[in-house]
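Asker: Next come a sequence and a model predicted from it.
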Amino acid sequence: MVKSCCAYECKEKFIKEGSLSFHRLYADDTAIIAQGKSPQTFIPALQKYILSLETWLTNWKIQLNVDKTEAIIFSKITSCPEVKLFGSPIPWKNEVKYLGVILDRGLTFKSHIEHSREKFNNAFRCQYSLICRNSRLSLNNKLLIYLAYLRPILTYASPVWACTAKYHLNKLEVLENKTIRMITNACWYQRNVDLRQALKIPSLKEFIQKIAEKFFEKIPNIDNTTMAPF
């Protein structure tokens, strides 16, 4: 996959999609995806697609930020042929960030989970005075801060990475449990499951599963060719 950044939003498809290479656009982020059994199969198709993209960009006078263009292969293969964009080699990366999601070569989403944890902790510290045990804010308002502001940080794009290992999901659930215990001023002997039942909220894993199920149920009913399977 090659990820790039255009100078402005473009929604028009610049070339006809083929069986090996196609692109996805969102705002100023563009992803070009090629698939095949080996680099010898999809790299030539990817390079051919990029050449067509160069022609289209030149004709429409759209500037591409080559310095922000990265490539990644989702495989255990350690070396791949060089791919060029406007004569500049595109570096192969072990991780790329697309639409706020960190994609690694093995699609384990370990780095994305760690990034989400760090982002959550920063937001948690900013809201600490409002949700701490000594805060005079009501329980309902504390819970609202978590549900409306903090939890979405943990669940962002969760249908994409919900298949990650339980070990990584447990790391996120630890943050949720810590937050719930703080906003409820729970004692050490009170169980997390009892606190969630009292607050009438599902566990983070259950919530992520529910989001993913709704997302994939809606896809077949969306009249959008960009949502079609690869």
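Answerer: Ah, there it is. Bear in mind the structure is a predicted one, so any value in this text is a computation, not a measurement. Residues are numbered from 1 along each chain as shown.

Asker: ok, now how distant is the residue of the chain positioned farthest from its centre from Leu195?
Answerer: Each residue of the chain has a distance to the centre, and by Cα atoms, centre = their mean the biggest one is for Tyr189: 36.4 Å. Distance, Tyr189 to Leu195, using Cβ to Cβ, to the nearest Å: 12 Å. To be clear about C-beta, it is placed using only N, CA and C from the backbone, and glycine gets the same treatment.

Asker: what does Leu143 give?
Answerer: With Cβ to Cβ as the criterion, Leu143 and Leu195 are 11 Å apart.

Asker: thinking again about what came up before, find the helix or strand that the residue farthest from the centre of the chain is a member of.
Answerer: Using DSSP states H and E, Tyr189 falls within no helix or strand.

Asker: so who does the residue positioned nearest the centre of the chain touch?
Answerer: With distances taken as Cα atoms, centre = their mean, the residue of the chain nearest its centroid is Val101 (2.4 Å). Applying Cβ atoms under 8 Å, 6 or more residues apart in numbering to Val101 gives the contacts His112, Tyr156, Ala157, Val160, Trp161.

Asker: could those residues be laid out in a markdown table, adding neighbour count and secondary structure?
Answerer: Below are these laid out as a markdown table (neighbours: other Cβ atoms under 10 Å; DSSP: H, G, I helix; E, B strand; the rest coil):
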| residue | neighbour count | secondary structure |
| --- | --- | --- |
| His112 | 23 | helix |
| Tyr156 | 15 | coil |
| Ala157 | 16 | coil |
| Val160 | 17 | helix |
| Trp161 | 23 | helix |
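
Asker: Neighbour count: Leu143 and Leu195, which is higher?
Answerer: Taking Leu143 and Leu195 together and counting by other Cβ atoms under 10 Å, Leu143 has the greater number of neighbours (19 against 16).
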